[in-house]
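In: mind folding the following:
(2 chains)
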Amino acid sequence: MTPSPDLIHELQASRPVAPAALRARVRETARAPRAAAPWERFRLPVRRIAVVAAPAVLALAVVSAGAVGLSRSGERDVFSGVTRPTEDAPQSVEKETLGATALDAPTGTRDSAAGPTTGRAQRVSATLTVEVRNSDAVSRAAQDALDLTRRLGGHVVSSSVTTGEQAAATMTVRVPVGKVQQAIAGLSGLGRIVSQRVTIDDLQASLDALERRQASVRNQIARIDARLGTESLEPEERAVLETRLQRLQRELRELRRGVTATTAEARMSTIELTVVTPDAGAVAPAPSRLERTLDEALNVLVWEGVIVLALAIVLAPIALLGLAAWLGQRLHRRREDERLLSA
Amino acid sequence: MHAVSIEASRPAEATAPSFAAVAEELLDDVYGYLLYLTKDWALAEDLTGETFERAFRRWRKFDPRRGTARAWLLAIARSAALDWFRAESRRQRREQRAETRERRPESSFGEGLSPELEDGLRALTAGEREVVALRVVLELDGEETARLLGISPTAVSTRLHRALGKLEERMRRHDPVA
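Out: Next up, the predicted model:
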């Protein structure tokens, strides 16, 4: 059914007009001075704050991640540390070099490791990884390493050579401490140095302690021997002295073995050599400072994301309940409005 | 008719009209809407006054970019009317004296309306009169009316069609020749 134009016209032509009294009342309302309520003056511009705060929080998260990444990336640079020497613990000096490029350097100039101190008993051990071009070069390098070890008066403790696509060689050799620098320099010359680590433990303090104790035990044994040579000893006293003498002699034997072992340890150094090819991928090249920074920053960002996600998981049910309550109340109100307007 | 402006009512909007000017211009619209909605001139006057008081308090919040001043005022008027309907409904339920309610003399919806049309309008529901007032009398478009009533434009169109159909039917019964 289409409404007649007359009906529409009549309705529009008879628009209600507000009575004069009402008009005067509204004018009076509009003319009244309006003082802003105290809470209106301190109203926070929530939307503006949100527009500024959201990017600011995001920027802060990224900047903090970058700062943490930058500070942490420096911790894994070339490091060298000296442990504080104590009476019992041997002094230790360690030097590590990652990603050194000495492929074309002369053999004699490659050693950047700290060398042993002449005249002191020291345990020297080194771990060296060199990269060669291919599988054939791995075999050659292994053979050269064995030759070098023998030439320097050392010997092979263990050796393993794998050929083929995943060609690699690992060997442990011992060479005289006096020639360890020469050995390291020679082994480094087998290929590109991927990593190098030289550890020096000072055994001199331990050796000195062993020798002091050895001298003391010898003196005690000599005194007991002298007393036992006296004929005026009571049988009980003689038995005690003999027991003590036996204990000291056992200790002296142990001390001698200790001195011998320490001296032997200080005489020979241990070198672990690994030869790899680029294809084997056994040792990944050390990441640059930038890569490490980005990696650490990414880690921090991931953790920040995890925290935000955890908070969202915790708060989501509460927010959903609130939303459901709000929607329910709104629906109820709308239905009530419809009911009121249908009267 | 003259406009009374309020100083610094909206300092941020230098070109925006003052509240007094808006009130002067839209008073008849608000009153007409409320009269159609309540079919009671006294109540419509009270609610109109309340509407403009509420609007005056909230005038700083009015943003012309989000809608016209007329739609804004009519939304406040609707809210005031619904509040009154709710309060009245509660009062009636509480006192249970709907039957003994004091009957006011019937109001006219406007000068010049035929008695048949007046009767027809009174026979409509408040919701139907509301949509007639907005779409026909105040000539709001479908979208604006839908936003104001919180329903879809199609629902507005349907409700208007039904209301006008009822009015036509009523008029035809009064004047079978037409």
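
In: can you pull the phi and psi angles for residue A:195?
Out: Dihedral pair for residue A:195: phi -150, psi 150, per degrees, to the nearest 10.

In: same thing with the one 4 residues further on?
Out: When read as degrees, to the nearest 10, the backbone of residue A:199 gives phi -120, psi 130.

In: now residue B:165
Out: Main-chain dihedrals, residue B:165, degrees, to the nearest 10: phi -60, psi -40.

In: check the one 5 residues further on too.
Out: Dihedral angles phi and psi of residue B:170 (degrees, to the nearest 10) take the values phi -60, psi -40.

In: try residue A:173
Out: Dihedral angles for residue A:173 - degrees, to the nearest 10 - are phi -130, psi 160.

In: what helices and strands are in contact with the longest helix seen in chain B?
Out: When chain B is parsed with DSSP state H, its longest helix is helix B:69-95. Where contact means 3 or more CB pairs under 8 Å, 6 or more residues apart in numbering or on different chains; DSSP states H and E, helix B:69-95 is packed against helix A:289-341, helix B:19-38, helix B:41-58, helix B:142-149. Backbone N, C-alpha and C define where each C-beta goes, glycine included.

In: which of those sits most buried?
Out: helix B:19-38 (a mean of 24; mean count of other CB atoms under 10 Å in any protein chain shown).

In: circling back: is there proximity between whichever helix or strand comes after the longest helix of chain B and chain A?
Out: Following helix B:69-95 in sequence order, the next helix or strand is helix B:115-123 (DSSP states H and E). Yes: using CB under 8 Å from any CB of the partner chain, helix B:115-123 comes into contact with chain A via residue B:117.

In: what's the local residue count around residue A:242?
Out: Residue A:242 sits with 12 neighbouring residues when counted by other CB atoms under 10 Å in any protein chain shown.

In: before we move on, the earlier item: could you dump the helices and strands packed on helix B:69-95 into CSV with mean pLDDT added?
Out: Below are the helices and strands packed on helix B:69-95 laid out as CSV (pLDDT from 0 to 100):
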stretch, mean pLDDT
helix A:289-341, 91
helix B:19-38, 92
helix B:41-58, 92
helix B:142-149, 91
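
In: make JSON lines from those helices and add distance to residue A:125 to it.
Out: JSON lines is the format used below for these (distance: least, CB to CB, whole Å):
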{"stretch": "helix A:289-341", "distance to residue A:125": "27"}
{"stretch": "helix B:19-38", "distance to residue A:125": "89"}
{"stretch": "helix B:41-58", "distance to residue A:125": "82"}
{"stretch": "helix B:142-149", "distance to residue A:125": "82"}
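
In: so which of these is nearest residue B:108?
Out: helix B:41-58 (7.4 Å; CB to CB).

In: so in chain A, where's the weakest helix or strand by average pLDDT?
Out: When each helix and strand of chain A is scored by mean pLDDT, DSSP states H and E, strand A:80-82 comes last, with a mean of 36.

In: spatially central residue in chain B, please.
Out: By CA atoms, centre = their mean, chain B has its centre lying nearest to residue B:33, at 2.2 Å.

In: can you give me the distance of the nearest residue to it once chain neighbours are set aside to residue A:151?
Out: Of all residues not flanking residue B:33 in the chain, residue B:133 sits nearest, at 4.9 Å (CB to CB, 6 or more residues apart in numbering or on different chains). Using CB to CB, to the nearest Å, we find residue B:133 at a distance of 111 Å from residue A:151.

In: more neighbours, those two?
Out: Taking neighbours as other CB under 10 Å, residue B:133 and residue A:151 compare with residue B:133 leading, 26 against 13.

In: is that one in a helix, a strand, or coil?
Out: What DSSP: H, G, I helix; E, B strand; the rest coil gives for residue B:133 is helix.

In: what pLDDT does it get?
Out: According to the prediction, residue B:133 has pLDDT 93.

In: that's a strand at residue A:44, yeah?
Out: No: counting by three-state DSSP, residue A:44 falls outside a strand, being coil.

In: flag the shaky bits of the stretch 101-250 of chain A, pLDDT-wise.
Out: The stretch 101-250 of chain A contains residues with pLDDT under 70 at A:101-118.

In: can you pull out the strands in it?
Out: A:122-131, A:155-162, A:168-176, A:192-202 (DSSP state E, counting those that start in this stretch).

In: helices and strands around whichever strand or helix holds residue A:273, which ones?
Out: In this assignment (DSSP H and E), residue A:273 forms part of strand A:268-276. Here strand A:268-276 touches strand A:122-131, helix A:135-151, strand A:168-176, helix A:180-188, going by 3+ CB pairs under 8 Å, 6+ apart.

In: okay, these in a markdown table with distance to residue B:173 next?
Out: Converted to a markdown table, these look like this (distance: least, CB to CB, whole Å):
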| stretch | distance to residue B:173 |
| --- | --- |
| strand A:122-131 | 104 |
| helix A:135-151 | 107 |
| strand A:168-176 | 105 |
| helix A:180-188 | 113 |
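
In: need the CA coordinates for stretch A:157-168. CSV is fine.
Out: Extracted C-alpha coordinates of stretch A:157-168, given in CSV (Å, rounded to 0.1, in the frame of the first residue of the first chain):
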residue,chain,number,x,y,z
VAL,A,157,97.0,-40.1,21.3
SER,A,158,94.0,-40.7,19.0
SER,A,159,93.2,-40.1,15.4
SER,A,160,90.0,-40.4,13.2
VAL,A,161,89.8,-39.4,9.6
THR,A,162,86.5,-39.5,7.6
THR,A,163,86.5,-39.0,3.8
GLY,A,164,83.7,-38.4,1.4
GLU,A,165,81.1,-35.6,1.5
GLN,A,166,81.2,-35.2,5.2
ALA,A,167,85.0,-35.4,5.3
ALA,A,168,86.6,-34.5,8.6
